[in-house]
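Engineer: How does the following fold in three dimensions:
(2 chains)
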Number of protein chains: 2
Amino acid sequence: MSDKHLSTQFDAELSGISTRVLEMGGLVESQVAQSIQALTRFSSDLAAEVIATEERVNQMEVEIDRDLSTIIVRRQPTARDLRLLIAISKTIGNLERVGDEATRIARTVRRLVDTGVFGRVRLPVSDVSFEASLATAQLRKALDAFARLDVDTALAVLKEDDQIDQEFDGLMRKLITYMMEDPRTISASIDLVFVAKAIERVGDHAKNVAEQIIYIVKGTDVRHIPMESVESAIR
Amino acid sequence: MSDKHLSTQFDAELSGISTRVLEMGGLVESQVAQSIQALTRFSSDLAAEVIATEERVNQMEVEIDRDLSTIIVRRQPTARDLRLLIAISKTIGNLERVGDEATRIARTVRRLVDTGVFGRVRLPVSDVSFEASLATAQLRKALDAFARLDVDTALAVLKEDDQIDQEFDGLMRKLITYMMEDPRTISASIDLVFVAKAIERVGDHAKNVAEQIIYIVKGTDVRHIPMESVESAIR
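Structural biologist: Sure thing, here's the model as predicted:
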């Protein structure tokens, strides 16, 4: 077999894996969206669907990881190709953790709905929903950047992460006000604190995926570089 | 060079990396312990030390990851050796996240100390400290298991994780009681909620390290297997 032939096979294998990473990304993205719909619609059923999807997400992670290992052993990749394979493995690790966060949200929502909390206390659910729309947009953008290995889009994801953090901080202040005004809301508000935190983490994972894309394309590990220095580090 | 020679070099490289993983583990373990000391002693200085250590931890992760990649490209490892190298990479990823959690705790403590909160409100700091002692013990046990590739100790870490979860749940109930009794404690209590959550995550990372050890030794990916089935899955 010629090198070209080998390389074409490698590309075909990579492209197959890339498709499945995007499929896994789409799945966890809809898990997050659905967990928040469950919250805004007080739907225990929607929450249950999110929880039921967890197993499939986990399975996808294990399978893609296994296939990546097989490729490394069979193809004995160059440093550059290995960088790509490892970055894909880190990407799916992040996607799996997005799925975990969505499942955590769904479990909390199911408990809140089932105990009838939403009938008893007023909670800033629409603010949580807004924070989630920012986080899922970031995740979608990171996945688009992954599909096209697009560094500019990946950079945009890094830059926009602090919007979610600001939204999270505002939501915390609001929840604290609710709790101080009506101590009966404290227990449910603490649950929303964790939901808001889980959404913030989804944004962090989107950022991690974006960092992996920059690593794939530019070869620069920007995970621990301050945002203001990232652009100069990769030019 | 004979195969034996190659394999001996590989072993020497692995043993060098293993030593540095344990060093990194020791460093993040003391970060966690120190961040909690900062909390119990109301010490802004101790908190600042934890934060200052973050950069070194990040650097260690990047260096060990780079060396792992170099070994994979140069040695063209077998499936079994690759499994080990990937598991080491996942292990240091978890250790780095432990360092992140310690840094988060330290930042919160520094803010609480600097704003003089501890002089104004009573907080269940000793309960948080107890939860942290469980988590650091789990982390140390996971690192011991890594050093000796000891599956039984790794299994013990998996089994004991729910102790931390129970401690966390108890602490949440206690904090909610404090907040309801005295709404002036709400804001600081929310900070402690996040500290308690960060400690719980340290326990989760210790568990993840333990799962990687089982993967290295047994070749079974137990990440998504329920605890009650893990032992039968690896026998």
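
Engineer: what's downstream of the helix or strand residue A:179 falls within, the next helix or strand?
Structural biologist: If you go by DSSP states H and E, residue A:179 is part of helix A:151-181. Downstream of helix A:151-181, the first helix or strand assigned by DSSP H and E is helix A:186-218.

Engineer: quick one: buried residues of that next one?
Structural biologist: For helix A:186-218, the neighbour count (16 or more other Cβ atoms under 10 Å in any protein chain shown) marks A:186-217 as buried. For the C-beta atoms, the positions are set from N, CA and C on the backbone; glycine is no exception.

Engineer: filter the residues you listed by proximity to chain B?
Structural biologist: A:186, A:187, A:190, A:193, A:194, A:197 (Cβ under 8 Å from any Cβ of the partner chain).

Engineer: Between those residues, which sits nearest residue B:51?
Structural biologist: residue A:197 (20.4 Å; Cβ to Cβ).

Engineer: thinking again about what came up before, and the helix holding residue A:179, what other elements does it pack with?
Structural biologist: Packing contacts for helix A:151-181, counted by 3 or more Cβ pairs under 8 Å, 6 or more residues apart in numbering or on different chains; DSSP states H and E, involve helix A:125-148, helix A:186-218, helix A:227-234, helix B:186-218.

Engineer: Take the ones next to chain B among the buried residues of helix A:186-218 and lay them out in JSON lines including pLDDT.
Structural biologist: Formatted as JSON lines, these follow (pLDDT from 0 to 100):
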{"residue": "A:186", "pLDDT": "95"}
{"residue": "A:187", "pLDDT": "93"}
{"residue": "A:190", "pLDDT": "95"}
{"residue": "A:193", "pLDDT": "96"}
{"residue": "A:194", "pLDDT": "96"}
{"residue": "A:197", "pLDDT": "96"}
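
Engineer: what sits against residue A:141?
Structural biologist: A:153, A:156, A:157, A:160, A:206 (Cβ atoms under 8 Å, 6 or more residues apart in numbering or on different chains).

Engineer: Apply 7 Å and report the result again.
Structural biologist: A:153, A:156, A:157 (Cβ atoms under 7 Å, 6 or more residues apart in numbering or on different chains).

Engineer: Give me the spatial nearest neighbour of the first one, chain neighbours excluded.
Structural biologist: Looking back up the chat, that one is residue A:153. residue A:145 (3.8 Å; Cβ to Cβ, 6 or more residues apart in numbering or on different chains).

Engineer: For the one you found, grab the count of nearby residues.
Structural biologist: 24 (other Cβ atoms under 10 Å in any protein chain shown).

Engineer: do residue A:111 as well
Structural biologist: 14.

Engineer: helices or strands next to the helix or strand it falls within in the packing?
Structural biologist: Using DSSP H and E, the element containing residue A:111 is helix A:79-114. Applying 3 or more Cβ pairs under 7 Å, 6 or more residues apart in numbering or on different chains; DSSP states H and E, we find helix A:79-114 packed against helix A:3-40, helix A:44-75, helix A:186-218, helix B:44-75.

Engineer: what's the closest of those helices to residue B:131?
Structural biologist: helix A:186-218 (16.2 Å).

Engineer: between the closest one and helix A:151-181, how many degrees?
Structural biologist: 170 degrees (axes from the mean of the first three to the mean of the last three Cα atoms, to 10 degrees).

Engineer: ok, is the helix or strand of chain A with the lowest mean pLDDT in contact with chain B or not?
Structural biologist: When each helix and strand of chain A is scored by mean pLDDT, DSSP states H and E, helix A:227-234 comes last, with a mean of 83. No: judged by Cβ under 7 Å from any Cβ of the partner chain, helix A:227-234 stays clear of chain B, getting no closer than 12.9 Å.

Engineer: so how far is that helix from its chain's centroid?
Structural biologist: Here the centre of helix A:227-234 is set off from its chain's centre by 23 Å, with Cα atoms, centre = their mean, to the nearest Å.

Engineer: Please give me every residue in contact with the residue nearest to residue A:153.
Structural biologist: By Cβ under 7 Å, 6+ apart, the neighbours of residue A:145 are A:153, A:154, A:157, A:210, A:213.

Engineer: and with 6 Å instead?
Structural biologist: Shown here is residue A:145, whose contacts under the criterion Cβ atoms under 6 Å, 6 or more residues apart in numbering or on different chains are A:153, A:154, A:213.

Engineer: with these in mind, which one is nearest to residue B:96?
Structural biologist: Nearest to residue B:96 among the contacts of residue A:145, with distances taken as Cβ to Cβ, is residue A:213, at 19.4 Å.
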